[in-house]
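Visitor: turn this into a structure:
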Amino acid sequence: MRFLMAAVSTVLGLSVVIAAALYIPGQPVFAQADGIKTQRHFKIERPADLTAADALVLYEKIGKNMARGYAASGNEAAASYRKWRRYNSAPYRSATHGNRYVNNYGNAKAARYGKLKNGDSLPQGAVLVKDSFTVTGDGDVFGGALFTMEKLAPGTRPEYADWRYVMVMPDGSLFGDSQGETAGKVAFCDGCHKAVAETDRLFFIPKPYRRVFLQDN
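Guide: You can find the predicted model right below:
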């Protein structure tokens with residue numbers, strides 16, 4: 001029997017809960033995000049408005065525990081993304097992800113992320129990962145879902161521009177995989193991303209949060 005215990009602490013005066021789950025091998029894990037079932041991005045109606053500095057301090061305190069929860073999924077990207085390049089300088093609140101605070105990571109093959117011009121695309125094997133956490137107006141902090149996009153071989157999934165979407169819950173349970181039996185649960189991902197088809201269905205980080213990498217200039 002394996003337990004993923006809740007990591008509860010106080011950071012910046014906020015009550016932090018990273019993940020809470022009980023996993024018994026051979027039995028399904030109840031998938032949940034921010035404490036409720038969801039088939040869409042659950043929107044936080046009264047999210048806290050953190051400064052970039054405070055959001056970064058909070059993330060530095062909870063990031064490792066968040067990653068540990070995602071890694072329980074067995075997903076390769078979930079297990080290794082924290083070693084990849086992070087493209088944002090601090091967590092930022094994403095309206096398209098339910099007002100959660102998010103971070104953007106990419107593997108080596110995704111190095112041109114953020115620099116694509118209209119008509120460009122990332123190569124096969126590029127993987128982008130976005131982890132997330134919620135901060136409510138009441139000062140509570142909850143680990144959120146992990147979202148991944150993997151560029152597949154040309155022609156594998158043309159209706160998705162050959163992207164594979166995966167959503168992993170804070171306790172490591174798989175919510176949806178566009179290449180598996182749970183594809184319907186993450187179909188809404190491409191429904192949003194196709195709005196930026198001209199840049200390979202990729203949204204870019206808000207300018208105030210973009211990091212500059214000198215070696216790429």
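
Visitor: so where does the residue nearest to Glu198 when sequence neighbours are not counted fall, helix or strand?
Guide: Distances taken as CB to CB, 6 or more residues apart in numbering place Asn118 nearest to Glu198, at 4.4 Å, with adjacent residues excluded. Every C-beta, even on glycine, is put in place using the N, C-alpha and C of the backbone. Secondary-structure element containing Asn118, defined by DSSP states H and E: none, the residue being outside all helices and strands.

Visitor: can you check Met66 too?
Guide: helix 52-71.

Visitor: what's the burial count for the residue nearest to Glu198?
Guide: Asn118 has 9 neighbouring residues, counting by other CB atoms under 10 Å.

Visitor: hmm, it is touching Val196, no?
Guide: No - with the criterion set as CB atoms under 8 Å, Asn118 and Val196 do not qualify as a contacting pair; they are 9.9 Å apart.

Visitor: quick check: Ile205 touching Ala90?
Guide: No - no contact is recorded between Ile205 and Ala90 when judged using CB under 8 Å, the distance being 10.4 Å.

Visitor: the two: who's more crowded?
Guide: Counting neighbours by other CB under 10 Å for Ile205 and for Ala90 shows that Ala90 has the greater number, 21 against 18.

Visitor: quick check: buried residues in the longest strand along the chain?
Guide: Among all segments of the chain classified by DSSP state E, the strand with the greatest residue count is strand 127-135. Taking 16 or more other CB atoms under 10 Å as the basis for neighbour counts, the residues of strand 127-135 that come out buried are Val127, Leu128, Val129, Lys130, Asp131, Ser132, Phe133, Thr134, Val135.

Visitor: now distance to Thr96 and pLDDT too, for these, in TSV please.
Guide: Supplementary listing: those in TSV, determined by distance: CB to CB, whole Å; pLDDT from 0 to 100:
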residue	distance to Thr96	pLDDT
Val127	19	98
Leu128	14	98
Val129	16	98
Lys130	10	98
Asp131	15	98
Ser132	11	96
Phe133	16	95
Thr134	14	90
Val135	17	89
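
Visitor: do a quick rundown of the helices in this structure.
Guide: Under the criterion DSSP state H, helices of the chain are mapped to 52-71, 76-80, 187-193.

Visitor: thank you, goodbye.
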